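J.: give the three-dimensional model of this entry:
(2 chains)
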Amino acid sequence: MAERSELTSGKGFDFNEHPVSPAVDIFEDAAGITVLADMPGVAKDRLDVRLDGDTLSIEGRVELEGLQDMRALWAEVNVPRFRRTFTLSRELDASRVEANLKDGVLTLRVPKQAHAQPRRIEVNAS
Amino acid sequence: MRDHMLSRPQGLFDQLETIHRLLSRASGVDGAPGGIRAVAYGAFPELNVGRTPTSVEVFAFAPGMDAKSLEVTIERNVLKISGVRSATVPRGDAKVQLYANERPEGRFSRAISLPDDVDPLKVEARYRDGILRVTVGLSVAAQPQRISVQ
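T.: So this is what the prediction gives:
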């Protein structure tokens, strides 16, 4: 346990209280919003996607294996935890959020409410 | 970045978040002593290096890669990790609005010097959950040996 904290935690500052924000891509098309988040080292059972009212939060813990007897020589990733929170707007359908984790990339798909999807309004010429 | 600011419908807190991100990016390596091959904070992939009694372990945080597209070479004790990260954001589609594009994409390459006592013939690389882990064995002479007392 001590070895792991040496390799993945900062000095003199409790990084556990301050997870890092994963890099994301966010784009919107007619049917909804897609969020891609880089969470390397997070396995499926260490990932938590939570919806609380209109707040969508993603949190994951980095697990590195075989760190017994390991001493850190160099560490750019000092915080073994990712967290980021988004506020959803009303036209999004929070109940149908889909999450998919592959090779450390989390893909979230937040569809729009059926009535919020764009539709073309016919102009009647009389 | 600028075109994001122009096209993004931002509230006040979104703007603060943007400023915070720019500042943290600008602060660079925060005073840590670096080797000649060290690069500024934020390079892709980020690397952690550890040492066990029998090996040097390099962890490259490279999510979303196809393992076949990763290239790992060792030449004169310099370990090089390179590859191509394909774009996942649809571009050039007028119906798609892009709000954030922080994930690096395209060709990348990073190199680090390994300690002198590694054996470049004993290398193993695995890719799992977005982390490439390269294990380089230490030369036999560098490994701890138990000396029996007669």
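J.: rest of the way, CA atoms for contacts and neighbours
T.: OK.
J.: now the strands for chain A?
T.: A:24-29, A:32-38, A:42-52, A:55-62, A:71-75, A:81-87, A:98-102, A:105-111 (DSSP state E).
J.: mind putting those in a markdown table, mean neighbour count included?
T.: Formatted as a markdown table, the entries for the strands of chain A read as follows, by neighbours: other CA atoms under 10 Å in any protein chain shown:
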| stretch | mean neighbour count |
| --- | --- |
| strand A:24-29 | 19 |
| strand A:32-38 | 22 |
| strand A:42-52 | 16 |
| strand A:55-62 | 19 |
| strand A:71-75 | 18 |
| strand A:81-87 | 17 |
| strand A:98-102 | 15 |
| strand A:105-111 | 21 |
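J.: residue B:145 is nearest to which of those?
T.: Nearest to residue B:145 among those is strand A:71-75; the distance by CA to CA comes to 18.4 Å.
J.: go ahead and flag the most central residue of chain A.
T.: In chain A, the C-alpha nearest the mean C-alpha coordinate belongs to residue A:58, at 4.1 Å (CA atoms, centre = their mean).
J.: actually chain B, not the one I wrote
T.: For chain B, residue B:45 is the residue whose C-alpha lies nearest the centre (CA atoms, centre = their mean; 1.9 Å).
J.: was I right about it contacting residue B:62?
T.: Yes. With contact taken as CA atoms under 8 Å, residue B:45 and residue B:62 are classed as touching, separated by 5.2 Å.
J.: before we move on, back to that, weakest of the strands of chain A in terms of mean pLDDT?
T.: Per-segment confidence across these bottoms out at strand A:71-75, which has a mean of 85 in mean pLDDT.
J.: can you tell if it touches chain B?
T.: Yes. Applying CA under 8 Å from any CA of the partner chain, one finds strand A:71-75 in contact with chain B at A:71-75.
J.: could I get the residues you listed as JSON lines with distance to residue B:139?
T.: Output for the residues of strand A:71-75 next to chain B, formatted as JSON lines (distance: CA to CA, whole Å):
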{"residue": "A:71", "distance to residue B:139": "18"}
{"residue": "A:72", "distance to residue B:139": "19"}
{"residue": "A:73", "distance to residue B:139": "18"}
{"residue": "A:74", "distance to residue B:139": "20"}
{"residue": "A:75", "distance to residue B:139": "23"}
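J.: straight-line length of stretch B:72-81, end to end?
T.: In terms of CA to CA, to the nearest Å, the two terminal residues of stretch B:72-81 are separated by 5 Å.
J.: my error: substitute stretch A:73-84 in the last question.
T.: Across stretch A:73-84, first to last residue, CA to CA, it's 29 Å.
J.: stretch A:103-114 now?
T.: Terminal residues of stretch A:103-114 lie 32 Å apart, using CA to CA.
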